[in-house]
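# the sequence isn't on hand, but the structure is:
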(Lines give C-alpha, C1' and ligand atoms only; values in the text may rest on other atoms or scores of the structure.)
Protein backbone atom coordinates (compact mmCIF):
# COMPACT_ATOMS: atom_id res chain seq x y z
CA UNK A 1 0.00 0.00 0.00
CA UNK A 2 1.12 3.56 -0.62
CA UNK A 3 1.96 5.18 2.68
CA UNK A 4 2.94 8.57 1.30
CA UNK A 5 0.74 10.89 -0.66
CA UNK A 6 2.30 13.89 -2.34
CA UNK A 7 0.51 17.13 -2.95
CA UNK A 8 0.14 18.62 -5.47
CA UNK A 9 0.21 15.87 -8.08
CA UNK A 10 1.60 18.34 -10.60
CA UNK A 11 3.20 21.75 -10.29
CA UNK A 12 4.26 24.19 -13.00
CA UNK A 13 6.41 27.22 -12.20
CA UNK A 14 8.78 29.60 -13.92
CA UNK A 15 12.53 29.51 -13.55
CA UNK A 16 13.67 31.43 -10.50
CA UNK A 17 10.51 30.75 -8.50
CA UNK A 18 10.35 28.50 -5.47
CA UNK A 19 8.63 25.12 -5.62
CA UNK A 20 6.98 23.54 -2.60
CA UNK A 21 5.63 20.02 -2.50
CA UNK A 22 4.11 18.17 0.41
CA UNK A 23 3.98 14.59 1.60
CA UNK A 24 1.62 13.02 4.09
CA UNK A 25 2.02 9.56 5.59
CA UNK A 26 -0.01 7.32 7.84
CA UNK A 27 2.17 5.42 10.31
CA UNK A 28 5.04 6.34 12.62
CA UNK A 29 8.41 6.48 10.91
CA UNK A 30 12.13 6.22 11.55
CA UNK A 31 12.96 8.68 8.82
CA UNK A 32 11.64 10.23 5.64
CA UNK A 33 13.53 10.59 2.39
CA UNK A 34 12.97 12.55 -0.80
CA UNK A 35 13.93 11.21 -4.20
CA UNK A 36 13.93 12.71 -7.66
CA UNK A 37 13.13 10.91 -10.93
CA UNK A 38 13.79 12.32 -14.36
CA UNK A 39 11.42 11.05 -17.00
CA UNK A 40 12.04 7.39 -17.83
CA UNK A 41 14.99 7.10 -15.47
CA UNK A 42 15.80 5.67 -12.06
CA UNK A 43 15.36 7.55 -8.81
CA UNK A 44 18.09 9.63 -7.21
CA UNK A 45 18.26 10.26 -3.47
CA UNK A 46 18.04 13.93 -2.50
CA UNK A 47 17.82 14.23 1.24
CA UNK A 48 16.93 12.28 4.39
CA UNK A 49 15.37 13.67 7.54
CA UNK A 50 15.16 11.66 10.74
CA UNK A 51 12.04 11.51 12.87
CA UNK A 52 13.69 13.61 15.61
CA UNK A 53 14.63 16.40 13.19
CA UNK A 54 12.32 19.22 12.16
CA UNK A 55 14.22 20.85 9.32
CA UNK A 56 17.14 20.05 7.08
CA UNK A 57 18.92 21.89 4.28
CA UNK A 58 20.99 20.72 1.35
CA UNK A 59 21.98 23.33 -1.22
CA UNK A 60 18.76 24.74 -2.67
CA UNK A 61 16.67 22.11 -0.91
CA UNK A 62 14.88 22.59 2.37
CA UNK A 63 12.93 19.77 3.98
CA UNK A 64 10.65 20.04 7.00
CA UNK A 65 9.08 17.25 9.00
CA UNK A 66 6.10 17.48 11.33
CA UNK A 67 5.62 14.10 12.98
CA UNK A 68 2.54 15.28 14.89
CA UNK A 69 0.80 15.94 11.56
CA UNK A 70 2.57 13.07 9.79
CA UNK A 71 3.67 15.37 7.01
CA UNK A 72 6.77 16.68 5.30
CA UNK A 73 7.49 19.38 2.77
CA UNK A 74 10.23 19.82 0.19
CA UNK A 75 11.12 23.34 -0.90
CA UNK A 76 13.30 23.94 -3.93
CA UNK A 77 14.47 27.54 -4.03
CA UNK A 78 15.39 29.50 -7.15
CA UNK A 79 14.26 26.70 -9.41
CA UNK A 80 15.95 25.91 -12.71
CA UNK A 81 14.73 24.19 -15.85
CA UNK A 82 16.96 21.25 -14.87
CA UNK A 83 14.82 20.73 -11.74
CA UNK A 84 12.01 19.47 -13.98
CA UNK A 85 11.32 15.95 -12.70
CA UNK A 86 9.04 13.93 -10.46
CA UNK A 87 9.68 14.06 -6.74
CA UNK A 88 8.80 11.25 -4.35
CA UNK A 89 8.80 10.97 -0.60
CA UNK A 90 9.66 7.62 0.95
CA UNK A 91 9.17 6.52 4.52
CA UNK A 92 10.98 3.96 6.63
CA UNK A 93 8.35 2.69 9.03
CA UNK A 94 9.05 2.49 12.74
CA UNK A 95 9.47 -1.07 13.95
CA UNK A 96 10.23 -2.55 10.55
CA UNK A 97 13.54 -4.35 10.73
CA UNK A 98 14.45 -4.30 7.09
CA UNK A 99 15.42 -1.18 5.15
CA UNK A 100 12.08 -1.23 3.46
CA UNK A 101 10.86 2.05 2.05
CA UNK A 102 7.31 2.92 1.11
CA UNK A 103 7.07 5.47 -1.69
CA UNK A 104 4.42 8.06 -2.28
CA UNK A 105 2.70 8.77 -5.59
CA UNK A 106 4.95 11.70 -6.51
CA UNK A 107 4.72 15.34 -7.57
CA UNK A 108 5.55 16.17 -11.19
CA UNK A 109 7.39 19.48 -11.31
CA UNK A 110 7.69 21.45 -14.55
CA UNK A 111 10.01 24.46 -14.55
CA UNK A 112 9.68 26.68 -17.59
CA UNK A 113 12.06 29.33 -18.88
CA UNK B 1 32.30 3.29 -12.30
CA UNK B 2 30.33 2.07 -9.30
CA UNK B 3 26.62 1.67 -9.68
CA UNK B 4 23.65 -0.44 -10.60
CA UNK B 5 23.00 -1.68 -14.08
CA UNK B 6 19.78 -3.08 -15.47
CA UNK B 7 19.32 -4.80 -18.75
CA UNK B 8 17.74 -4.63 -21.16
CA UNK B 9 16.43 -1.08 -21.23
CA UNK B 10 13.39 -2.10 -23.27
CA UNK B 11 11.84 -5.56 -23.35
CA UNK B 12 8.94 -6.93 -25.31
CA UNK B 13 7.20 -10.13 -24.40
CA UNK B 14 4.38 -12.14 -25.83
CA UNK B 15 1.57 -13.17 -23.56
CA UNK B 16 2.24 -16.47 -21.84
CA UNK B 17 6.02 -16.11 -21.87
CA UNK B 18 8.29 -15.81 -18.87
CA UNK B 19 10.96 -13.13 -19.03
CA UNK B 20 13.94 -12.34 -16.79
CA UNK B 21 15.17 -8.84 -16.00
CA UNK B 22 18.78 -8.42 -14.99
CA UNK B 23 20.08 -6.30 -12.12
CA UNK B 24 23.76 -6.07 -11.18
CA UNK B 25 25.49 -3.84 -8.63
CA UNK B 26 29.16 -3.28 -7.84
CA UNK B 27 28.56 -1.14 -4.76
CA UNK B 28 29.13 -4.05 -2.36
CA UNK B 29 25.64 -3.51 -0.97
CA UNK B 30 23.96 -6.24 1.04
CA UNK B 31 20.35 -5.35 0.27
CA UNK B 32 18.65 -5.29 -3.12
CA UNK B 33 15.12 -4.48 -4.18
CA UNK B 34 12.76 -4.72 -7.13
CA UNK B 35 10.00 -2.17 -7.70
CA UNK B 36 7.28 -1.79 -10.26
CA UNK B 37 6.16 1.64 -11.46
CA UNK B 38 3.02 2.21 -13.51
CA UNK B 39 2.43 5.46 -15.46
CA UNK B 40 1.96 8.44 -13.19
CA UNK B 41 2.28 6.28 -10.10
CA UNK B 42 4.72 5.73 -7.30
CA UNK B 43 6.85 2.65 -6.75
CA UNK B 44 5.49 -0.61 -5.44
CA UNK B 45 7.81 -3.18 -3.88
CA UNK B 46 7.85 -6.60 -5.54
CA UNK B 47 10.66 -8.45 -3.74
CA UNK B 48 13.64 -7.57 -1.64
CA UNK B 49 16.74 -9.37 -0.46
CA UNK B 50 18.74 -8.46 2.61
CA UNK B 51 21.50 -11.01 2.16
CA UNK B 52 22.70 -13.62 -0.32
CA UNK B 53 20.46 -16.70 -0.61
CA UNK B 54 17.59 -14.96 1.17
CA UNK B 55 14.70 -12.84 -0.10
CA UNK B 56 11.23 -11.75 0.99
CA UNK B 57 8.01 -10.88 -0.79
CA UNK B 58 7.06 -7.26 -1.05
CA UNK B 59 3.60 -5.83 -1.54
CA UNK B 60 2.94 -7.20 -5.03
CA UNK B 61 4.95 -10.44 -5.37
CA UNK B 62 2.29 -12.53 -7.14
CA UNK B 63 3.40 -13.53 -10.63
CA UNK B 64 7.07 -12.70 -9.98
CA UNK B 65 10.07 -14.69 -8.78
CA UNK B 66 13.63 -13.79 -7.82
CA UNK B 67 16.92 -15.37 -6.86
CA UNK B 68 19.94 -14.07 -4.96
CA UNK B 69 22.79 -16.49 -5.58
CA UNK B 70 25.44 -13.77 -5.66
CA UNK B 71 25.75 -10.53 -3.73
CA UNK B 72 26.08 -8.56 -6.96
CA UNK B 73 23.07 -9.97 -8.78
CA UNK B 74 19.30 -9.99 -8.16
CA UNK B 75 17.42 -11.09 -11.30
CA UNK B 76 13.64 -10.78 -11.50
CA UNK B 77 11.51 -13.20 -13.51
CA UNK B 78 8.12 -12.02 -14.66
CA UNK B 79 6.06 -15.17 -15.12
CA UNK B 80 3.02 -15.82 -17.24
CA UNK B 81 0.99 -15.76 -14.02
CA UNK B 82 1.44 -12.00 -13.75
CA UNK B 83 -1.83 -10.64 -15.09
CA UNK B 84 -0.70 -7.17 -16.12
CA UNK B 85 3.08 -7.13 -16.48
CA UNK B 86 3.46 -4.07 -18.72
CA UNK B 87 5.28 -1.55 -16.51
CA UNK B 88 8.58 0.13 -15.71
CA UNK B 89 10.74 -2.03 -13.44
CA UNK B 90 13.34 -0.52 -11.14
CA UNK B 91 16.06 -2.28 -9.22
CA UNK B 92 17.74 -0.70 -6.21
CA UNK B 93 20.33 -1.52 -3.58
CA UNK B 94 21.30 -0.25 -0.16
CA UNK B 95 24.24 -0.82 2.16
CA UNK B 96 22.67 -2.87 4.90
CA UNK B 97 19.27 -3.79 6.14
CA UNK B 98 20.32 -3.11 9.69
CA UNK B 99 20.70 0.60 9.18
CA UNK B 100 17.41 2.37 9.43
CA UNK B 101 18.90 5.38 7.67
CA UNK B 102 19.71 3.48 4.53
CA UNK B 103 19.27 5.30 1.28
CA UNK B 104 18.59 3.35 -1.87
CA UNK B 105 20.53 3.58 -5.11
CA UNK B 106 18.55 2.92 -8.24
CA UNK B 107 19.33 1.46 -11.62
CA UNK B 108 18.09 3.08 -14.85
CA UNK B 109 15.10 0.76 -15.16
CA UNK B 110 13.69 -1.72 -17.67
CA UNK B 111 10.49 -0.95 -19.54
CA UNK B 112 8.58 -4.16 -20.16
CA UNK B 113 5.80 -4.28 -22.71
CA UNK B 114 3.58 -7.30 -23.25
CA UNK B 115 2.36 -7.61 -26.81
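Yes, it's here. Since the structure is predicted, the reported quantities are computational estimates derived from the model, not experimental observations. Residues are numbered from 1 along each chain as shown, chains lettered A, B, ... in the order given.
# give me the number of residues near the nearest residue to residue A:60 once chain neighbours are set aside?
Using Cβ to Cβ, 6 or more residues apart in numbering or on different chains and skipping the chain neighbours, the partner closest in space to residue A:60 is residue A:77 (4.8 Å). C-beta here means a position set from N, CA and C on the backbone, and glycine is covered the same way. The number of residues packed near residue A:77 is 14, by other Cβ atoms under 10 Å in any protein chain shown.
# contacting residues around residue A:77?
Residue A:77 makes contacts with A:18, A:60-62, as judged by Cβ atoms under 8 Å, 6 or more residues apart in numbering or on different chains.
# go on, residue B:93?
By Cβ under 8 Å, 6+ apart, the residues touching residue B:93 are B:4, B:25, B:27, B:29, B:31-33, B:74, B:104-105.
# mind doing that once more with 6 Å?
Residues in contact with residue B:93 (Cβ atoms under 6 Å, 6 or more residues apart in numbering or on different chains) are B:4, B:25, B:27, B:29, B:32, B:105.
# what of residue B:85?
The contact partners of residue B:85, taken as Cβ under 6 Å, 6+ apart, are B:78, B:112, B:114.
# so the first one makes contact with residue B:19?
Yes: counting by Cβ atoms under 6 Å, residue B:78 sits close enough to residue B:19 to count as a contact (5.2 Å).
# which one's more surrounded, the two?
Just comparing residue B:78 and residue B:19: by other Cβ under 10 Å the higher neighbour count belongs to residue B:78, 25 against 19.
# where does the more buried one fall, phi/psi-wise?
When read as degrees, to the nearest 10, the backbone of residue B:78 gives phi -100, psi 110.
# same question, residue A:82
Dihedral angles (degrees, to the nearest 10) for residue A:82: phi -70, psi -10.
# for the residue of chain A found nearest chain B, give me the pLDDT.
Relative to chain B, the nearest point of chain A is residue A:42 (3.4 Å; Cβ to the nearest Cβ). With respect to pLDDT, residue A:42 has a value of 94.
# state the distance from it to residue A:60.
22 Å (Cβ to Cβ, to the nearest Å).
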